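Engineer: Show me how the following folds:
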Amino acid sequence: MRASAAIENFLEMMSAERGAAQNTLDSYRRDLEDAASFSAGTGIPLPLAEPVTIRTYLDDIANRGFAATSQARRLSALRQFFRFLYMENIRADDPTSTFDAPKKDRSLPKIMSEADVEKLLARAEVETLDAKASNTVHFQALRLHALLEILYATGLRVSELVGLPVTVARSDNRFLMVRGKGSKDRMVPLSGKARIAMMKYLELRDALPGLCDSPWLFPAVSESGFLARQVFGRDLKGLAARAGLKTSAISPHVLRHAFASHLLQNGADLRAVQQLLGHSDISTTQIYTHVMEERLHQLVTKHHPLAD
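Structural biologist: Numbering: from 1, shown residues only. Okay, the predicted model is just below:
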């Protein structure tokens with residue numbers, strides 16, 4: 001089987017049977033096509049590659065300066081690809097079965113302090129009240145305020161946030177039903193402030209021609225029909241600069257981290273945070289355990305009779 005055909009069949013399986021998101025499929029495609037190009041250069045199509053070819057490829061991307069996390073991702077893609085070929089009886093073995101993933105340091109997520117988040121949200125709200133702003137600027141201010149209030153209230157992934165259907169704003173529920181990775185639904189609570197910001201934005205959105213009929217809460221002229229993640233990220237950094245905050249330390253993903261960290265700092269259970277974030281594995285949520293460790297240390301220091 002040609003490498004291109006094998007890769008297409010694998011991606012079709014990942015989409016149909018495992019519900020992989022488009023971003024995930026695009027990542028698999030890039031990784032596998034790079035491996036296929038390398039393997040073809042040795043005279044062997046990727047579906048027929050032997051362990052020595054895979055090992056040489058992994059050494060090659062390491063020499064190209066790929067980080068350990070990127071190397072591990074490439075190996076993971078290859079493992080799933082060859083496991084698929086094995087299950088489909090296209091080949092009789094898995095050439096990646098004896099490989100260990102590159103060791104990688106687990107970096108702590110960047111987070112914002114509660115004070116900085118409050119400063120950011122306050123600035124976003126102030127900009128919605130500018131009476132001198134044009135209609136376009138006023139709309140963008142209301143949209144950005146709604147995005148930030150919803151993000152900090154729910155901890156949604158940025159792709160989940162910008163792709164929210166407008167029906168979530170038209171219901172009178174205190175919860176959002178979100179479809180996350182792997183097409184898995186989860187329920188997240190929505191704060192009163194987030195709901196107010198969303199309704200103020202929705203009122204203007206519904207009054208604008210070309211937007212009121214969109215099925216998306218944050219419509220835009222784009223391939224998807226909703227606001228691009230990059231546009232939200234750019235607007236957020238602009239707001240951070242106007243709020244006097246360091247822009248390099250702020251992104252939509254950092255606010256998601258802030259949501260989780262601030263919950264844990266204030267006594268939330270790790271399992272509850274796992275559910276809210278949509279993590280399928282608790283080990284993913286455990287990057288925040290440094291927050292819990294500090295809270296437990298303070299608890300013992302304050303309340304244990306022998307702490308002094």
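
Engineer: Contacts for stretch 87-101 next, please.
Structural biologist: 1, 6, 9, 47-51, 53-55, 58, 71-72, 75-76, 78-79, 82-83, 85-86 (CB atoms under 8 Å, 6 or more residues apart in numbering). C-betas here are computed from N, CA, C, even on glycine.

Engineer: hmm, 6 Å instead?
Structural biologist: 50-51, 54, 72, 75, 78-79, 82-83, 85-86 (CB atoms under 6 Å, 6 or more residues apart in numbering).

Engineer: I'd like to know which of those residues are buried.
Structural biologist: Buried subset of these (neighbour count, 16 or more other CB atoms under 10 Å): 54, 72, 75, 78-79, 82, 85.

Engineer: Which helix or which strand is home to the closest residue in space to S70 that isn't next to it in sequence?
Structural biologist: Distances taken as CB to CB, 6 or more residues apart in numbering place I61 nearest to S70, at 7.4 Å, with adjacent residues excluded. I61 belongs to helix 51-63 when assigned by DSSP states H and E.

Engineer: which other helices and strands contact that helix?
Structural biologist: Packing contacts for helix 51-63, counted by 3 or more CB pairs under 6 Å, 6 or more residues apart in numbering; DSSP states H and E, involve helix 22-41.

Engineer: I'd like to know how many residues surround R143.
Structural biologist: 23 (other CB atoms under 10 Å).

Engineer: likewise Q275?
Structural biologist: Neighbours of Q275 (other CB under 10 Å): 13.

Engineer: Over to D94?
Structural biologist: 18.

Engineer: Tell me how far the residue lying closest to it once chain neighbours are set aside lies from T42.
Structural biologist: Nearest residue to D94 in three dimensions, chain neighbours excluded: F82, at 4.7 Å (CB to CB, 6+ apart). Separation of F82 from T42 (CB to CB, to the nearest Å): 16 Å.

Engineer: ranges for the strands of the protein?
Structural biologist: Secondary structure of the chain, counting by DSSP state E: strands at 175-179, 185-189.

Engineer: Off-centre distance for the first one?
Structural biologist: Spelled out, that is strand 175-179. 16 Å (CA atoms, centre = their mean, to the nearest Å).

Engineer: Repeat that for the last one.
Structural biologist: Taking CA atoms, centre = their mean, one finds the center of strand 185-189 at 16 Å from the center of the full chain.

Engineer: repeat for stretch 236-255
Structural biologist: Worked out by CA atoms, centre = their mean, stretch 236-255 lies 17 Å from the chain centre.

Engineer: gap between the two ends of it?
Structural biologist: 10 Å (CA to CA, to the nearest Å).

Engineer: Got the domain ranges for the protein?
Structural biologist: 3-87, 114-298 (automatic domain parsing).

Engineer: tally of neighbours for V168?
Structural biologist: V168: 16 neighbours (other CB under 10 Å).

Engineer: Apart from its chain neighbours, what residue comes closest to it?
Structural biologist: Counting by CB to CB, 6+ apart, the residue nearest V168 is L176, at 5.2 Å.
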